[in-house]
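Asker: have a look at this prediction, sequence included:
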Amino acid sequence: MDAAGTSSIGLGILVGLILLALAFDFLNGFHDAANSIATVVSTRVLKPYQAVLLAAVCNFGALLIFHLSVAATVGKGIVDPSIIDHLLVFGALTGAIVWSLLTWYYGIPSSSSHALVGGLVGAAVAKAGTWALVPAGILKTVAFILISPLLGMLLGTLLSLIVAWLFRRSAPSKVDRWFRRLQLVSASLYSLGHGGNDAQKTIGIIWMLLIASGHIGKGDSVPSWVVIACYVTIGVGTAFGGWRIVKTMGQKITKLRPVGGFCAETGGAITLFTTGFLGIPVSTTHTITGAIIGVGASQNVSAVRWGIAGNIVWAWVLTIPCSAFIAGIAWWLAHLASAG
């Protein structure tokens, strides 16, 4: 759609869609709060309200650290920018929001990030067919459905083994005391990585919407108000916390002590910082889940509740196709309504 066509989007519709995008951003923080705080709460290093406050501050603080590499991938690297219009953005956001709410209700730690990618794919295919997809961006995202949890698992396992060797002669009470303090650092780093990755996905959506509506040019940078609004919103969403998922992440997969929580959060943070700087929109949920499993398995394979882990993996597999299906229906209904 050319600039002349896209500029016909009314200001009211544009504002409404920006608010819908920010609603997704809030829900992303709310849904994924468990990623940042589950370990530090389950080890009782922090009380829940202290943990969400720390995570919320760090989510916003990521604004000062990360470049907008992930936002560029979401805004331009999933679907062809030429087909973006208000109906497609509406369909994509609806698919992502509905799937995130469903998984939150049932306490399933699915990926809000991949729900958004699925929403974009579903709405784009419903509008223009598969040619509208950008294969390189989608393949990179799909590949990291596997890579990010495996990397988190590997790093969580390695850190657990290294820490166990370094402190093999130390008294358990001393180790526990040290890692209760260190877990504050690891939880902060993970929350920074979460904010730097997830807030940018909404930035990318609003960026493409502003380009499609003709309010900014294709070569223009993201307006600063968009960046600030998205980081503030995800921080506020995190502050409210999705407690249903906290229980699954922090207690049901494996039992964590402060040293295990530190290793899981640090392994996850390394993964998120690396992918964030590379501009790869990974799932923070997948990453921390893999790290928690790695920590549990390093102690004893039977320490991991593999049935719970298997249910989580099924949610990962279903997220993109289910959110895409919902988004396609939402686009079709919105298209019928606008045509009528």
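Answerer: That came in fine, so what should we check first?
Asker: any buried residues in stretch 119-132, and which?
Answerer: For stretch 119-132, the neighbour count (16 or more other C-beta atoms under 10 Å) marks Gly119, Leu120, Val121, Gly122, Ala123, Ala124, Val125, Ala126, Lys127, Ala132 as buried. Quick note: C-beta positions are derived from backbone N, CA and C, even for glycine.
Asker: quick one: which of those sit in helices?
Answerer: With helices taken from DSSP state H, the overlap with these comprises Gly119, Leu120, Val121, Gly122, Ala123, Ala124, Val125, Ala126, Lys127.
Asker: with those in mind, which one is nearest to Gly261?
Answerer: If you rank those by distance to Gly261 using C-beta to C-beta, Gly119 comes first, at 32.4 Å.
Asker: for Val45, see how far away the closest one is.
Answerer: Gly119 sits 36 Å away from Val45 when distances are taken as C-beta to C-beta, to the nearest Å.
Asker: just to revisit the earlier point, nearest to Thr274 among the buried residues of stretch 119-132?
Answerer: For the buried residues of stretch 119-132, the nearest to Thr274 is Leu120 (23.7 Å; C-beta to C-beta).
Asker: show me which pair in the ones in helices among the buried residues of stretch 119-132 is furthest apart.
Answerer: Based on C-beta to C-beta, the longest span within those runs between Gly119 and Lys127 and measures 12.5 Å.
Asker: who touches both of these two?
Answerer: In the contact map built from C-beta atoms under 8 Å, 6 or more residues apart in numbering, the residues linked to both Gly119 and Lys127 are Gly91.
Asker: the longest helix in this structure is where?
Answerer: Across the chain, the longest stretch assigned as helix under DSSP H is helix 172-212.
Asker: other residues contacting the helix or strand just after that helix?
Answerer: Sequence-wise, the next helix or strand downstream of helix 172-212 (DSSP states H and E) is helix 224-240. Defining contact as C-beta under 8 Å, 6+ apart, one finds that helix 224-240 is touched by 22, 25-33, 36, 52-53, 55-57, 59-60, 62-63, 68, 191, 194-195, 198-200, 202-203, 206-207, 210.
Asker: please repeat the previous calculation with a cut-off of 6 Å.
Answerer: Residues outside helix 224-240 that contact it (C-beta atoms under 6 Å, 6 or more residues apart in numbering): 22, 25-26, 28-30, 33, 52, 55-56, 59-60, 63, 199, 202-203, 206.
Asker: repeat that for stretch 119-132.
Answerer: With C-beta under 6 Å, 6+ apart as the criterion, stretch 119-132 contacts 78-80, 83, 88, 91-92, 95-96, 323-324, 327-328, 331-332.
Asker: any of those residues buried? List them.
Answerer: 78-79, 83, 88, 91-92, 95-96, 323-324, 327-328, 331.
Asker: those in helices, which ones?
Answerer: Secondary structure from DSSP H places Leu88, Gly91, Ala92, Gly95, Ala96, Ser323, Ala324, Ala327, Gly328, Trp331 of the buried ones among the contacts of stretch 119-132 in helices.
Asker: need these in CSV (columns: distance to Trp178 and pLDDT).
Answerer: Formatted as CSV, these follow (distance: C-beta to C-beta, whole Å; pLDDT from 0 to 100):
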residue, distance to Trp178, pLDDT
Leu88, 51, 95
Gly91, 50, 97
Ala92, 46, 96
Gly95, 45, 96
Ala96, 41, 94
Ser323, 42, 96
Ala324, 46, 96
Ala327, 47, 97
Gly328, 52, 97
Trp331, 53, 97
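Asker: quick one: which of the residues you listed is nearest His215?
Answerer: The closest of those, once distances to His215 are taken by C-beta to C-beta, is Leu88, at 16.4 Å.
Asker: residues contacting that closest one?
Answerer: By C-beta under 6 Å, 6+ apart, Leu88 lies in contact with Ala123, Lys127.
Asker: from Lys201, how far off is it?
Answerer: When C-beta to C-beta is the yardstick, Leu88 and Lys201 sit 16 Å from each other.
Asker: and if you look at Ile292?
Answerer: Counting by C-beta to C-beta, the gap between Ile292 and Lys201 amounts to 23 Å.
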